[in-house]
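Asks: From the sequence below, what's the structure:
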Amino acid sequence: MKNPKLDPKRLEEAASKLRAIAHPMRIAIIELLEEKEQMNVTEIYEALGIEQASASHHLNILKSKGVLDSRRSGKNTYYFLKHEALSQMIECLNRCY
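Replies: Just a heads-up that it's a prediction; the model follows:
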């Protein structure tokens, strides 16, 4: 069987998503959102005991990598998991074993 050709762009995209979820604080945010479904930044930083700027930074990373999405409601932005994206990542990693 011939080895498939690796696409460097797709490898970088995959590595980028894995780096996004590999941080302990981002894992904590994912766990929170798994439990509560959606939360605004204030609820997240208060639940985690971190600064607002830190929470916003981590949320931005997760959103930019397609792990989270958000919706506005008045002055608040609510964040929620993109379950399909996370499920695909986990399934892909499970196939590696």
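
Asks: Quick check: closest non-adjacent residue to Phe80.
Replies: Closest residue to Phe80 apart from its sequence neighbours, by Cβ to Cβ, 6 or more residues apart in numbering: Gln38 at 4.1 Å. Quick note: C-beta positions are derived from backbone N, CA and C, even for glycine.

Asks: and that neighbour, how many residues sit next to it?
Replies: Applying other Cβ atoms under 10 Å, we find 15 residues neighbouring Gln38.

Asks: Report the contact partners of it.
Replies: Gln38 makes contact with 71, 78-80, according to Cβ atoms under 8 Å, 6 or more residues apart in numbering.

Asks: Mind pulling up the pLDDT for Pro4?
Replies: As predicted, Pro4 sits at a pLDDT of 69.

Asks: What segments of this structure are helices?
Replies: Using DSSP state H, the helices of the chain run over 8-21, 24-36, 41-48, 52-64, 83-95.

Asks: Nearest spatial neighbour of Arg72, chain-adjacent residues omitted?
Replies: Tyr78 (7.8 Å).

Asks: what does Ala85 give?
Replies: Excluding the flanking residues, the one nearest Ala85 by Cβ to Cβ, 6+ apart is Gly66, at 5.0 Å.

Asks: Quickly note the distance from the one you found to Asn60.
Replies: Separation of Gly66 from Asn60 (Cβ to Cβ, to the nearest Å): 12 Å.

Asks: Neighbour count for those two, which is higher?
Replies: Neighbour count, other Cβ under 10 Å: between Gly66 and Asn60, Gly66 has more, with 17 against 12.

Asks: so who does the more buried one touch?
Replies: Contacts for Gly66 (Cβ under 8 Å, 6+ apart) come out as 17, 82, 85.
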